[in-house]
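> Pasting a predicted model and its sequence here:
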Amino acid sequence: MLLDHFQSMRGAKSLAVGLTVLAGTTAGFAQTNANDATPVIRIQADQVKATVSPLLYGLMTEEINYSYEGGLYAELIRNRSFKANPTNVVYWSPVGGAAINLDHDTALNDALDSSLKLDASTASAIVPAGIANSGYWGIPLRAKTTYHVSFYAKAAPGFSGPLKVSLASKAGESIVSAEVADLTSDWKKFELDLQTPDLPASKDNVFKLTTATPGILWLQQVSLFPPTYKNRPNGNRPDIMQLLADMHPKFLRLPGGNYLEGDYINERFNWKKTIGDVAQRPGHRSPWNYWSTDGLGLLEYLGWCEDLKMEPVLAVFAGYALKHDYIKPGPDLEPFVQDALDEIQYVTGDTSTKWGAQRAKDGHPEPFPLHYVEVGNEDWFDKSGSYDERFAQFFKAIKAAYPTLQVIATTRVKNVTPDVIDEHYYLSQEQMEAQSHLYDKRARDTGTKVFVGEWATRVGSPTPNMAGALGDAAWMCCLERNSDLVVMNCYAPLFVNVSDPGKSMQWKTDLIGYDALTSYGSPSYYAQVMFSSRHGDQVLATDSQDFPTYSWQPPTRRRTGDEQPRPAQQVPSLFFDATRDSATGTIYVKVVNRADSAQSVAIEISGVNALQPSGLATVLKAQQPDDTNSLKDPRKLVPVTQRIKVPDTFFARSFPAYSITVLELQAR
């Protein structure tokens, strides 16, 4: 099923909007430079071409590759609510001769409508009986750290405990434990903290819940939390959040792409079922074929935005699911339109509104900022042709209630003019570089801006290598240069659990990798950091001369009964753009050299009297294009910043092979 889903839902994205879908990935290239002259980049500092969008760089996320469960969301227990499989207690194992099974007749509540029945009749002081969980490819433990345990339990008559809660090595050695007692025949919540001793950090551990007293009991919502980012309850992993913070993102597209829709309408991201007490959230199946507890629900997304000082870009369910289920426009769609209006009110409403009051009840009285709402996701897959009318119905209702909100369409429509259109691109390095001037030529008079809501250079796995970063950087030069039109962009997918790529990864080439214990940024991640943290608010006019090129043979265009070869293209091997910070006067020059040798480039800056004699150069480079980062070598490729001499407004600089460079120059 995953393979079918991958091919039908993701594979077709290779050149999403307005481009031909191409087969194949990487082709060789030959360096050419007819006159062998030194390339020149001309920057006209007295000509401002456009204003850089303040929301240009952001994050896109969804539940794929164990992005939340076993990833960003800090919960360490896998299948805590026993709903990951409708018939079996998966990811839990019996201990000491215990018998375990799902009990659909003993529910905690309507949301968690089954429980784990633990028959510990064989338990004794010598051989305690119970259950164990090894988390998402291990339970990570660190020295002198407090872990919070919570669970619901009830017992058959005659059993009151005690229960021993422990963290142990996979070899069976107990690390830390505590006991709870006084179980009754009614459901009761138990909470306690376990503090580890001084020990080496390790993921080779398990969580256990056992008893030395014979009896029968039921368990539900068994949870283990480490410390979280900014100590937020039910929060996120600090190491991954810090990687995100270092990207300086301005927005979060939530709750993501396919995850918004679900395979079927009843498996969509139903936001009203993701708020409030986590023990009242039923969870749902992710379209990437594993269970989502919805512990990371709508308010947690908004808290994530708050923690990183970014704003939400809210995607609302638009009546279409991935298996081509859809709601007809008109009266049938009206409840879903109202649901979207309710969701916007939950995000932005004050406490005098119904859903603003609910948000306050859930723990956050203050409204969140919201400027963009996206209607659906990748609705070009809807073969019924209903999106045009569905979008118009949402658009008119949202504008009537919230006239200042910008409404994003996911494909071209005719009935109304969207404020923004979302375009997606998943390409090879050569394809990405070949379209690095795509938006230079796009008309500005349509009334519709562009949101590049998903894109990636697909080279490297499970995270991109330097070739991927070079393609990304060439593309980001295009986006930044055209950020009067492209108001937002975000790489996708953002996360991948690399513990067991055959099981933990559903999509190759992901920005940030991690296992249970550690995480790392790919070369593409560091390219993102360089671009998002080093740019001005003004796009400067630029042109070039004598740029070297490479010859790329595009893959054959494949059509039924009509395979046509495509002519070779001459593609630049150098890419660049320039911006200026109007407050400080700093000029940022970004240069990407994808060639296998250093390139000497002359940089001419006009429109300024002079430059300060020194500046900064931040460089990310590699020996080979397939060099990359990994859990074992997380910082093999990282940007390095050094001070450089700037002799004049016209100077030459050598840009290393396979490199991305940001120059920071100060006018005077």
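Good, I have the coordinates.
> Show me where the stretch 1-150 of the chain has its strands.
Taking DSSP state E, counting those that start in this stretch, the strands of the stretch 1-150 of the chain run over residues 31-32, 40-51, 59-60, 92-95, 99-103, 115-119, 129-133, 146-155.
> Quick one, which of these gets closest to Trp455.
Ranking the strands of the stretch 1-150 of the chain by proximity to Trp455 (CB to CB) places strand 59-60 first, at 9.0 Å. To be clear about C-beta, it is placed using only N, CA and C from the backbone, and glycine gets the same treatment.
> Just the mean pLDDT for the closest one, thanks.
Average pLDDT, strand 59-60: 97.
> now stretch 648-659
If you average the pLDDT over stretch 648-659, you get 96.
> what do you get for stretch 122-140?
pLDDT averaged over stretch 122-140 gives 97.
> Return the set of buried residues in that stretch.
123, 128-140 (16 or more other CB atoms under 10 Å).
> Over to stretch 276-294?
Buried residues in stretch 276-294 (16+ other CB under 10 Å): 276, 278-279, 281-288, 290-294.
> between those residues, which is nearest Ala155?
Lowest distance from Ala155 to the buried residues of stretch 276-294 (CB to CB) belongs to Ala279, with 18.5 Å.
> ok, the closest residue in space to that closest one that isn't next to it in sequence - contacts?
In space, Ala279 comes closest to Gln221 once its chain neighbours are excluded; the distance is 4.9 Å by CB to CB, 6 or more residues apart in numbering. By CB atoms under 8 Å, 6 or more residues apart in numbering, Gln221 lies in contact with 80-81, 108, 112, 150-152, 278-279.
> Could you list the low-confidence segments of the stretch 351-500 of the chain?
Across the stretch 351-500 of the chain, no stretch falls below the confidence threshold (pLDDT under 70).
> Pull the residues that contact the helix or strand that contains Ala578.
Per DSSP states H and E, Ala578 falls inside strand 574-580. Strand 574-580 is contacted by residues 39, 41, 43, 45, 48, 52, 433, 436, 473-474, 477-478, 480-481, 535-540, 542, 544, 547-548, 586-595, 599, 601, 655 when judged by CB under 8 Å, 6+ apart.
> mind checking how far stretch 176-191 is from the chain centre?
Distance of stretch 176-191 from its chain centroid, counting by CA atoms, centre = their mean, to the nearest Å, is 37 Å.
> can you pull the alpha-carbon coordinates of it into CSV?
Output of stretch 176-191 as CSV, limited to C-alpha atoms (Å, rounded to 0.1, in the frame of the first residue of the first chain):
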residue,chain,number,x,y,z
VAL,A,176,15.5,3.8,37.8
SER,A,177,12.1,2.7,39.2
ALA,A,178,9.2,3.8,41.4
GLU,A,179,5.9,2.2,42.6
VAL,A,180,2.3,3.2,42.6
ALA,A,181,-0.5,1.6,44.5
ASP,A,182,-4.2,1.8,45.3
LEU,A,183,-5.7,0.6,42.0
THR,A,184,-9.4,0.3,42.1
SER,A,185,-12.2,-1.0,39.8
ASP,A,186,-12.6,2.5,38.4
TRP,A,187,-10.3,4.2,36.0
LYS,A,188,-7.7,6.3,37.8
LYS,A,189,-4.8,8.4,36.5
PHE,A,190,-1.4,7.9,37.9
GLU,A,191,1.6,10.3,37.5
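> what does the model give the closest residue to Val640 other than its chain neighbours for pLDDT?
Once flanking residues are discounted, Val640 sits nearest to Val619: 5.7 Å by CB to CB, 6+ apart. Turning to Val619, the model gives it a pLDDT of 98.
> Tell me the secondary structure at Val619.
Recorded secondary structure, Val619: strand (DSSP: H, G, I helix; E, B strand; the rest coil).
> can you count the residues close to it?
Val619 sits with 17 neighbouring residues when counted by other CB atoms under 10 Å.
> hang on, the earlier thing: reformat the buried residues of stretch 122-140 as TSV; add distance to Ile644.
Output for those, formatted as TSV (distance: CB to CB, whole Å):
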residue	distance to Ile644
Ala123	70
Pro128	66
Ala129	68
Gly130	63
Ile131	60
Ala132	57
Asn133	54
Ser134	51
Gly135	47
Tyr136	45
Trp137	44
Gly138	45
Ile139	47
Pro140	41
